[in-house]
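1. Give me coordinates for this.
(chains A, B and C)
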Amino acid sequence: MSETANHFRFVATERRVREDRRFVAGKGHFVADIDLPDMRHVALITCPHAAARILRIDKSAALALPGVHYVLDGAELASATLPLMTGLDTPNVPRRPLAHEIARYSGEWVAAVVADSRALAEDAAEAVEIDYEPLPFVLDAEQALDAASPLVHEAHGSNVLLDKTFVWGEVEKDFAASAHTLSLRVKWGRSSTVPIETFGVVARWDPWREILDVWASIQMPRYADQIGAALKVPQTSVRVHYDVDVGGSYGVKRGIKHTVLVGYLSRRLGFPVRLIEDRLENMRGGDAHGPERLFDVDLAFDDKGIVRSMKMRALENLGAYAGRSPFQLGKPIGDIVGPYKINSVQYRALAVVTNKTTQDAVRGFGQAPTNVALERGMDEIATMLGIDPIEIRRRNFIRRDEFPYLIPSGTTYDSGDFHTVVDKALAATDYRELKAERDRLRAAGRLAGIGVAACLEPSGGNATFEALLNPSITTSTFMDSCRISIDGMGAVTATMHTTSSGQGHETLVGTVVGEVLQLDPDQIRVTRADSLNSLPSGTPVGSRMAIMLGGAAFHAAEKLKAKLVAIAAHDLGIPLERAIYERGSVHDRDAPQNKRGWADLVQIAYRSFHRMPPDMEPGLSVAHVYPVPTGGKLPTADGRVHMYPCVSFEFHLVLVSIDPDLGVPEIARYQIGHDCGTQINPKIVRGMTMGGVAHGIGAALYEEFAYNDDGQLIAQTFMDYLLPSSHEMPKVNVVDHETPSPFTVLGQKGSGESGYLGAPAAIANAVNDAVRSLGLSINTLPIRAAKLADMIEQAKSPRANNT
Amino acid sequence: MKAAPFEYSRVADIDEACALLATDDGARVIAGGQTLVPMMAMRLARPTRLIDINRIAALSYIRLEDDALAIGATTRQSLVERSALVKETLPLLAHAVPHIGHAATRARGTVGGSIANADPAAELPLIAITLDATFNVRGGGKTSDIAARDFFVGPMVTALPEGAILAAVRFPVWRGDRIGVGFHEVNARRSDFAFVSAAAQVAMKADGTCERIAIGVGAVTDFPMRLDSAEQALQGTALDDDAVRAAVSQALAGIEALEDLHASATYRQRVAIKLATRAIIDAREHAHGRPPHAH
Amino acid sequence: MRIKLDINGTVQEVDTEPRTTLLDCLRDNLNLKGAHAGCEHGVCGACTVLFDGEAVRSCLMFAAQAEGTPIVTIEGVSPGPGELSPIQDAFCETHGMQCGYCTPAMVLVAHALLADNPNPKREDIVDAISGNLCRCTGYAQIIDAIALAAERLRGDNRPAELRS
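-> Numbers count the residues shown, from 1 in each chain, chains lettered A, B, ... in the order given. Okay, the predicted model is just below:
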C-alpha cells in the first residue's frame, strides 16, 4: 500500500468532519430530543440494599397520584418476557431488566413507574412502598471465590462464571530455562467510560402494524434480535432506528435491559414510553460499570531482560449479572504478549459475580487493565536488571522484518515498526532532556518519574474470543456493509447500517466513496438504514469501523465503478480493459476523446436500457457485505484462535511530578508515538488518541466506582466519580508513523483505543519511577492522591517533616 | 433527578422574605442555588417553598464600611472575583475566590449562600473564620450580628436563627504597609472541593517581626478552624520557617480530622500542617514584598 | 405558573411548574434542544447557557428564576439557518468535538470567554472550559478551536456589534 499512499485525493488529508456542523449548532439528534405524541416517561425504583429479597410491593399510593399510569414490577416483567441474552451459557444466572424476587446489588432496578412527566414519575416512585429482607452479600472478587461466601445466584451453585486456563507453548520449560523470574500483583479499580449523555431509549409499539419502533442512544444497535427474543415477538417486529446521534459511548451504551423494559411497557400500555436514565440511575443501575480486575503475573526472562514466558491470572469482578462482560477477559488473548516476542504464555481467565453493579463493554474490551499488568511487569524487569525501561522494551519488541508475526495464542499480527515509532517519540521529546528535567525536579524536592508504556491496539473487531470462552458459539466473522446508489439524476447516496457515537462514520464513508469514485466527498449523501432495511453490520466495536465500514464502502464503490466502466465500454464498443474511469467519466484508453460522462452513464442505466450490456441489472445501486479480513476461523482444540486482522501501535512517554507532601501526581510532559497505518481522517485520529489519553488518565488517577463495606456505591455522582477536566489533561505531543496494514483496503488500522490502552500503564510506571527510591511499588489503580501521600509518608517516616 | 414540588416566591425585600420564612416551616431561601438545586434534584432537600432573594437589589454590593469591607449576601462570587476593591482591601479573599467551583458556578453562586451552606470544605467560610468576619443577620424585623466563630456549629449547620436570613458579611480590613496573605488548597482535581485548605494573613513590622497573624484551616474538621495557639505563639516572632512549622504542628496535634472516600483523616491532619505552614510562609514573604517560595 | 423568558432576543411566555429547571424549560417548553442534560447536578456543564452574557448551568436554576434576564442558547448563536458563527466554524475546522453532546456548551463558553478576553492564553482557555466535561476529545482540539476562533476574530474587520 505504501507506494500508493501519496496518491490519495481525499484520504489522509485534513478534511473537515461532516457531522460537526450539526453538533456546533446544537442540532444533533439525540434520543432525549425525540418527542413523540402521547409519549410517557419512566422513573426507576432501585434497591437500597446490597442484596435483598423483595417481600412486598405496594403500588396503590403511587397509582392514585394524578398523571401516573403504571407501576411495573419484576414479577410481571419476568412472567411476560424471557431473560436477556448472556455471552456465557449460564442459565442459572438469569439477567432481567427488573429484579425478580431477589435484588442483587444496591441500585438495581426493582420497579418502573410510568407517568406523564419524568418529575411525576419520580413523585410516584417515592410513593411505592417496598418491603425488603436484606440478605448476606459479597463485594470482593477473592472473597467471592471462597466457598464460604454468600452466593450471588444460589441456583448457579458458585460465584464463578468463568474459569478457563490456556497454555500456549512450553511454559514450564521456558520458566525452568530462564535465569530470572518475577511476580507481581496488579489491581485495576472499577471504572468505566461514563459518557456525558446517559443511556436513553424511546419505544413505540404500533399494534396495527405490529412493529416496535426503538430509538436509543445505543452504540451497538444490532440488537433487534435480542429485543424480539426477550419480548417474544419476531425480530421483524422490531425496528431499531440507526439515525440517533449517540452522546458518547466508548463501549458501554448497550442498553438491552432498558430497551426491553420500555418496549414491554409500550406494548402493555399502548403509548410511546421513554426512559432517559438520570445520572444516579446511570451510575448505580445502568449496568455500565467496567472491569475491576486483579492480576497475578509471573514473568521468566534472561540476564538481558528478554522475556521467554509469562503466566497471568486475571480475576474479574463482574458484578451481579453478566451479559457480554466476561468476554472482556477474552479479547486480551488476541494480543496477550503485547508488542513483545514472548515465546509461551499461560493465561487463566477467572470471572466471578459479586453484589456490585453489572458491567458492560469498556473501550479496549478488557485490554487496558491487561496492558497495565504487562507494562508494569516490563518495568519491574528493567528495575530488577538495572536496564533502562525503554531499552528493555526495544530488546523484546517484534522487529519490523518479522511481520506477519504469529503469537502463541494464535493471532497473526499484520505489520508494525515499533522501534521506529519509539525512535521518533524519543527524538520528538528529547529523552535525554526529559531525564534531566526529571532530575531537576527531584533536586528541587519533588518526587518525579518518567513512565513509558507500549501498547497494541488490535483492530478490526473479529470477536472470535467469544468462541474461545464459550464453545457453543460458532461465529467466525463479523461483517460490515455499505450500499451505494447513484440515483436517476446522478446524485450519490451511501448508506451505512449502524449508529455512531462520535467516531465520524459519515465522514469515513463519504471520504472512502469519494476516493474510489474520484468525486468530492461532500457531494455524497451518507444515510443510515434502520434494523429492518439494513445490511449486516457488526456495529462499532473493537476499533473496527475504519477497517470494516471503510472496507465495505471501498468495495461497494469499486463495484459501482466497475459497473459504470462496463456500461461505458459496452456503449463505446470497446473491450473492458481499454475503458478508463476518471473522475466520473469513462474514456477509451486508445482514443481519449471517446468517452461517456456521468450524465450519459446515468441516462443509460436508468432510462436507455437498450444501451446496457446484456444481463446487467438496470439502475446504479450496489451493496457490499465485507467479512473481516483474515477472519473466518474458529479456535483450535488447543485454544488458539486468530482474532483481529490488524494491530496499531502506540508508545507513551510521561513525566510525572509529585509534591511529596500532597501526593497529587501532576503530568508535566506527555509524548506519544503512534502508528495506525493510513489515517483516513487525521483530525478524527488525533481526537481519538487525545480522548483515549484523557480517559486513561481518569482510570489511572481519578475514576473509581467505590463501594463502602455495606455494599453501597459511594461514587455515584460526578462529585465523587471524578472525570478529568481540561485542568487535568496535559498538553500531549503526538508524533505519527505510518505502517500500512497489508490486509486493509487503504492500509488503515484502528485508532479508538490506543490512548486508553497506553496511558494508565505509562502513568502508573511514571508514578512508580517517582516513588521507587522510597521503596514503594504502586500497583493499584486508580492512584488516589491522598492515598499516595499516605504511602509516601509511611515510607519516609520517621524522617522529619518538610514543607 | 427532578425536584419535588414546591411553591415559589420571589421577594422584593428581605423583610418580606423573613415574613414568608416565618409562615412556612418547610420554606427555604434560595440565593445562587449552586448547592441547593442539586440537593433538591436528588431530593435530599425538599423545601415546600423557595423564597428567591436574588432580586433584592439591596443585598448585592461590595462597599467599605469603616474598617470593614461589607459584602451583601446575594453578591455573586464572580463579582467578588473581579472586584478591584476586594483585591486592594481583602487580598486573602481575592486569593481564595477563584478556587470556588468553576467560573460557571461562581457566576451564580453568592457569598451569603456559600457561608450559610457551611460546607466544611468551602473557601468562603474559611476566609470568614480566618479574618474574624461578622455576619449581619435579619430576622423578625431586627438586625443582629453574629461572629464567624460563633456562626458555624457543624458540617452544613449554622447558628443562623430560625426565620432569619443572612444579609451581609463584614470582613475586617487590615491596614498597614506590610500585610501579607497566603492561601493553599489541595484536591484531586483542581476545581473540586478541597481535601485540605489553609489561609493565613499577617501584618509585619518594619523590624521583621509579626505584629498580627490569623491562620485558618478548612475541610479538615466539621467547620473551618482557627489556629489560635499558633497565632499566639508566632505573634512577635519573625515567622521563621521552623517556628511556623512547630507552632502549626502543635496547634493541629490531636485534632480529629474528617475522613472520606478521597482522603484519610491522617492525610487531612498531616497536610493541614503542611498547607498552613506554607500559607503563613507565603504571607510572610508577601508582606515583605517578596515572591512566594516554591513549596 | 406563567413566566416570561427572554430567550435569544425574544420574550416568550411559558406555563410551567416552579420546580422546572431552566434546562427542562428550554428543552420541553420551548423546544430548544441544544442545551443537554448530562448530570443534572451542576458538574458536567452540558446544559450551559449564557445568562446575562455569562456562562451558567441551566440545570442549577429554576425557570421561574430566569425571568427578566436575557438568555442566549446555542440556537441563538448561529447567524442563520445552516450558517455558523466564527466560533462554531472554528470548532468545525479543528474538529473540536466527537459525539457532539458537550459541544453546544463548549461553544457558548467560548463565546463568553472571547467576549471578555479576545486574546486568551492557552491557560485561559483551559480554565474557561474546565467546568465543562468532555469525554471524547481530551479537550485538545477544543482548545485549538477556541484559540483559532480568537485569532480569526481578532482579524475581524466587521463593526463590533456585528461580531459574535
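2. element containing the residue of chain C at minimum distance from chain A?
-> Residue of chain C nearest chain A, by Cβ to the nearest Cβ: C:Gly34 (2.2 Å). Yep, even glycine has a C-beta here, placed from its N, CA and C like the rest. Assigned by DSSP states H and E, C:Gly34 falls within no helix or strand.
3. quick one: secondary structure of the residue in chain A positioned nearest to chain C?
-> Nearest to chain C in chain A, going by Cβ to the nearest Cβ, is A:Gly26, at a distance of 2.2 Å. At A:Gly26 the chain is in coil, as set by DSSP: H, G, I helix; E, B strand; the rest coil.
4. Check it and give its pLDDT.
-> A:Gly26 carries a pLDDT score of 98 in this model.
5. which residues touch the residue nearest to it when sequence neighbours are not counted?
-> Leaving aside its sequence neighbours, A:Gly26 sits nearest to C:Gly34 (Cβ to Cβ, 6 or more residues apart in numbering or on different chains; 2.2 Å). Neighbouring residues of C:Gly34 by Cβ atoms under 8 Å, 6 or more residues apart in numbering or on different chains: A:Ala25, A:Gly26, A:Lys27, C:Thr73, C:Ile74, C:Glu75, C:Pro104.
6. Now do C:Gly34 against chain B, distance only.
-> The gap separating C:Gly34 from chain B is 16 Å, by Cβ to the nearest Cβ, to the nearest Å.
7. Could I get the full set of helices for chain C?
-> C:22-24, C:86-94, C:103-116, C:122-128, C:140-154 (DSSP state H).
8. closest one to A:Glu402 among those?
-> helix C:140-154 (34.1 Å; Cβ to Cβ).
9. do the closest one and chain B meet at all?
-> No - Helix C:140-154 is not in contact with chain B by Cβ under 8 Å from any Cβ of the partner chain; minimum separation 14.0 Å.
10. Same check on stretch C:36-50?
-> Yes - counting by Cβ under 8 Å from any Cβ, chain B is contacted by stretch C:36-50 at C:Glu40, C:His41, C:Gly42, C:Gly45, C:Thr48.
11. Show me which residues of the stretch 101-250 of chain A sit near chain B.
-> Checking the stretch 101-250 of chain A against chain B by Cβ under 8 Å from any Cβ, the hits are A:Arg118, A:Ala119, A:Glu122, A:Asp123, A:Glu126.
12. Backbone dihedrals for the residue nearest to A:Gly26, please?
-> Here is the backbone geometry of C:Gly34 (degrees, to the nearest 10): phi -80, psi -20.
13. Next: B:Phe151.
-> phi -80, psi -40.
14. now swap in A:Gly514 and tell me
-> The phi/psi pair for A:Gly514 (degrees, to the nearest 10) is phi -60, psi -40.
15. per-residue pLDDT, it?
-> For A:Gly514, pLDDT reads 98.
16. and A:Asn733, what does it touch?
-> Applying Cβ under 8 Å, 6+ apart, the residues contacting A:Asn733 are A:Ala428, A:Thr429, A:Tyr670, A:Gln671, A:Ile672.
17. now do A:Gly711
-> Contacts of A:Gly711 (Cβ under 8 Å, 6+ apart): A:His49, A:Ala50, A:Ala51, A:Tyr105, A:Ser106, A:Phe137, A:Leu139, A:Asn355, A:Lys356.
18. How many neighbouring residues does the nearest residue to it once chain neighbours are set aside have?
-> Using Cβ to Cβ, 6+ apart and skipping residues adjacent in sequence, the residue nearest A:Gly711 is A:Ala50, 2.6 Å away. Here the number of neighbours of A:Ala50 (other Cβ atoms under 10 Å in any protein chain shown) works out to 29.
19. So the chain: which segments form each domain?
-> Because you didn't say which chain, this covers chain A. According to automatic domain parsing, chain A comprises the domains A:2-27+A:479-626, A:39-135, A:370-462+A:640-796.
20. should've been chain C
-> Split by automatic domain parsing, chain C gives C:2-76, C:86-162.
21. Now render those domains as CSV, adding distance to A:Tyr606 and mean pLDDT.
-> Formatted as CSV, those follow (distance: least, Cβ to Cβ, whole Å; pLDDT from 0 to 100):
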stretch, distance to A:Tyr606, mean pLDDT
domain C:2-76, 39, 98
domain C:86-162, 35, 95
